[in-house]
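[1] The amino acid sequence is not available; the structure is as follows:
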């Protein structure tokens, strides 16, 4: 079987199983540095002395995740780091160090690589992250792989995981959704929108700002379950439901679709918000009381969009404005075919 | 200018300079988690509470570092982890966790990816390393990027660095050199050697065993300067000399050329040992007394091959059996043109 047939998540399941079986029997590691979280959350986590260490890796591949016609090198550097910082944000952690592995065609211009580093360093500086090492090699296409290391700040060693959602909790999301996917569509199709909308959508797609401070404030205010929206709201909510063994009800009219996406993409904007992905907003679950505290603490919008149920583990149900169940496939939303078949 | 014109090390210099200038002014990180080593050693190192954390990343790219005609998937998995563990070994550290980023063409067989993981997990288990996370994506060619995290074991937080070599110290190396490059040449040219030699050379090229225990024993016995031989003996000795601001004299007749390389590649075997690379042996410097202690502690051969001088920082001089200076370029060794022009 080819890996495209099995799919990304299917393959991850197979490989995670192999990793679980092969765990080294190293008592020292097990006792002194207990693993808190392995494969299957936004970042890995283990205890070192008084803190919980976090580590995550993400890779952007030319022709798969970006192309150089619509993505400048400086933006690429920013984004490659941003997607990793977003994983640390989704744990409620503090990013500290980054390792950068660049694989580039030999004909790449030195100025372009410097631009890539400029973009990466701008976000690193803003986020208090130091680039401590890396690797450089040739490649047929550009591949930027970044590992970010961080830790949990709070003395209580609390963090956000995908597996802490509980039935009865509300589901909430930071910011607005759908803008990154709308920005990609705008750039790919060369759509010409009014400048303000174009700038907002382009920024959402190319230079997202990871919700690091927001993740930390969530932990401090009692949130325990979160994920960052990289695959898309629905897919990432499903990840939470699967890890937490709960179900979810999503009220589609509550979803905070980005105004610039709504104004320019009509009904399609909701589809982009549900399944477009790459929003890098935080999706979290908590009691209504905790969410009120989070709303008060965060500078960005926080919107309740549904609730966690005990109905069927891993199942996400969509409800329209009348409370009727909605079948995404029947709507002919092609993003669903791509991401969820 | 294209990056091939500037070269890997030139590009690393440019980017390191940018990183240095852009260091975040985050007092908490600087005070609580001081960076011990950044870009420019085998691994990055910083203090966390009572220990020194180590982190390193290495990437193998299809068509650049390996091809699937001569490298099986299982061996590829082993080697991709081995090159990283070797970097931790070169710090005298203990590897603990690995993150694996796989970028693969969609047409890759699931069985091949499982074989890759089998190889990786075999070495991980043997080395006490747990795979804690990773990333999976499509790509036009296979790219395997692994990050390994570890720490220094000794209470004194001592480790091996490239910058600790001092004039008057002897230069020594573990094991034998040239076998990996000979193995690559054998496989690439389809040479048919006797089975024992073929097996040894193939193993050296495809499934090297990182010198983890040896690195730890070096630290414990007082060694402070080391590097693993990945670029080649001469290039890596030059890395030590540049970082330590010292010179070196290498006696080429002392170099422990691998017997199977010597038997099958004649005079060329010495060239492979000097410049072939990928031996993943440890090159270190210390006083003669310390090296004697290391010899006694290690199960593998340890050979003194020269000494560190105060003559000209960064310069490595080769001496023949008569003590005469030898010019590698005059010998027409083509590996030098490739690696050292």
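    Yes, it's here. Everything numeric in this text was worked out from a predicted model, so none of it was measured.

[2] Contacts only, for residue A:213.
    Not one residue lies near residue A:213 by Cβ atoms under 8 Å, 6 or more residues apart in numbering or on different chains. Where you see a C-beta, it was placed from the backbone N, CA and C, and this is true even at glycine.

[3] for residue A:149, what are its contacts?
    Residues near residue A:149 by Cβ under 8 Å, 6+ apart: A:53-55, A:95-99, B:53, B:55, B:149.

[4] Narrow these to those in strands?
    Counting by DSSP state E, those place A:53-55, A:95-99, B:53, B:55, B:149 in strands.

[5] got the residues of the stretch 151-300 of chain A near chain B?
    Within the stretch 151-300 of chain A, the positions near chain B by Cβ under 8 Å from any Cβ of the partner chain are residue A:151.

[6] Which single residue of the stretch 151-300 of chain A ends up nearest chain B?
    The minimum distance from the stretch 151-300 of chain A to chain B, using Cβ to the nearest Cβ, falls at residue A:151 (7.7 Å).

[7] and that residue, how many residues sit next to it?
    Applying other Cβ atoms under 10 Å in any protein chain shown, we find 23 other residues in the vicinity of residue A:151.

[8] Quick check: bridge partners of it?
    Legend: beta-bridge partners of residue A:151 under DSSP bridges are residue A:53, residue A:94.

[9] Distance of it relative to residue A:313?
    Per Cβ to Cβ, to the nearest Å, residue A:151 is found 31 Å from residue A:313.

[10] circling back to that earlier point, mind listing what the residue of the stretch 151-300 of chain A closest to chain B touches?
    Contact analysis of residue A:151 by Cβ under 8 Å, 6+ apart lists A:51-54, A:93-94, A:96, B:48.

[11] next one: residue A:254
    Going by Cβ under 8 Å, 6+ apart, residue A:254 touches A:303-306.

[12] Kindly recompute the last result at 7 Å.
    Counting by Cβ atoms under 7 Å, 6 or more residues apart in numbering or on different chains, residue A:254 touches A:303-305.

[13] what's the most distant pair in the contacts of residue A:151?
    Using Cβ to Cβ, the two most remote members of the contacts of residue A:151 are A:93 and B:48, lying 13.7 Å apart.

[14] care to break chain A down by domain?
    A:3-151, A:170-340 (automatic domain parsing).

[15] which stretch in those has the least confidence?
    Lowest mean pLDDT within the domains of chain A: domain A:3-151, at a mean of 88.

[16] how long is it end to end?
    Using Cα to Cα, to the nearest Å, the end-to-end distance of domain A:3-151 comes to 33 Å.

[17] next one: that domain to chain centre, how far?
    12 Å (Cα atoms, centre = their mean, to the nearest Å).

[18] which of the ones in strands among the contacts of residue A:149 lies closest to residue A:209?
    For those, the nearest to residue A:209 is residue A:95 (13.0 Å; Cβ to Cβ).

[19] hang on, the earlier thing: quick one: which of the ones in strands among the contacts of residue A:149 is nearest residue B:187?
    The closest of the ones in strands among the contacts of residue A:149, once distances to residue B:187 are taken by Cβ to Cβ, is residue A:99, at 30.6 Å.

[20] returning to what we had before: okay if I get the contacts of residue A:254 as TSV plus neighbour count and distance to chain B?
    Formatted as TSV, the contacts of residue A:254 follow (neighbours: other Cβ atoms under 10 Å in any protein chain shown; distance: Cβ to the nearest Cβ, whole Å):
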residue	neighbour count	distance to chain B
A:303	17	29
A:304	17	30
A:305	22	27
